[in-house]
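[1] Here is the input, now give the coordinates:
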Amino acid sequence: MQIRRESNRESNKGRRSQVWLRPAAMALLLLFPTHALAVDSAFLRSLIVPGLGQAQQGHYTRSAVFAGAAVATGVGLFISQIYYREAANKLYAQKHIYASYQETLNDGGVVSIEDMEQTYKEMEASHNLAEDRLVWRNAFLVGFVTTYAINLVDVLVSKPYDPEHESRLSVEMTPAGVKVTKAFRF
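    Model prediction:
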C-alpha cells in the first residue's frame, strides 16, 4: 500500500511538470518571432557564441561588447571556481583533522588543547576564505549568465544595420538658434 502511494506521488509530480511545460512552450513561441529562430539566423549564432549574431547583423560595437563581456566573465568564472575549489578542499582537510581529534579522544588518546584550538582557528579561516571565494564565483556566474541572456534578447529585438537610414548629423533651426545633433551607432 505504501509503495502504491509513493508511485502515485511520483506520477502526480510528472503530471504537474507537464501542466506548466506546455503553456511555457507556447508562450515562448508567441514571444519570439519565427524568423529569429530559423537555423541560419543571428539568434542561433548568438546562442553559440555571444556577440556573433550582432556581428552578422552588422552591429560590430555591440558584438565586441558582448563577446568581451562573455570572455571576461567566463575567464573570471573559471579562475574563481579553481580558487573556490582549492579553499573548499583546504576546509575539508581541516575538518577531517579536527574530527580525528574526537576519534583520538574516544579511543582514550591524548590531544593537546593548543593543537585543537590551532586547528579550529585554521578551520575557521579556511571557512571564511571559502565563503569569500564562493561569493566571487557566484558573482562571475551571474555576470556570465546575464551577459548571455542580454546578448540573446538584444539579437532578437535588434534589426540588421542599414547605413542608409542612419542620420549621422542633423541640423535643426530653433527659435533660440541652431541645434546640431550628431548620432552614432552602438
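
[2] Please count neighbours and contacts with C-alpha atoms only from this point.
    Fine.

[3] Confirm Lys179 sits in a strand?
    Yes. Remark: Lys179 belongs to a strand, assigned using DSSP: H, G, I helix; E, B strand; the rest coil.

[4] Next, Asn138: secondary structure please.
    helix.

[5] Count the residues that sit near it.
    If you count neighbours by other CA atoms under 10 Å, Asn138 ends up with 14.

[6] cool, Ser80 as well?
    By other CA under 10 Å, 21 other residues sit near Ser80.

[7] contacting residues for the closest residue to it other than its chain neighbours?
    Distances taken as CA to CA, 6 or more residues apart in numbering put Arg137 closest to Ser80, at 5.0 Å, once the chain neighbours are dropped. When contacts are counted by CA atoms under 8 Å, 6 or more residues apart in numbering, Arg137 touches 76-77, 80-81, 84.

[8] quick one: which of these sit in helices?
    Cross-referencing the contacts of Arg137 against helices under DSSP state H gives 76-77, 80-81, 84.

[9] which pair in those spans the largest distance?
    Gly76 and Tyr84 (11.8 Å; CA to CA).

[10] Where does pLDDT dip in the protein?
    Within the chain, the ranges that satisfy pLDDT under 70 run 1-19, 21, 25-40, 162-171, 182-186.
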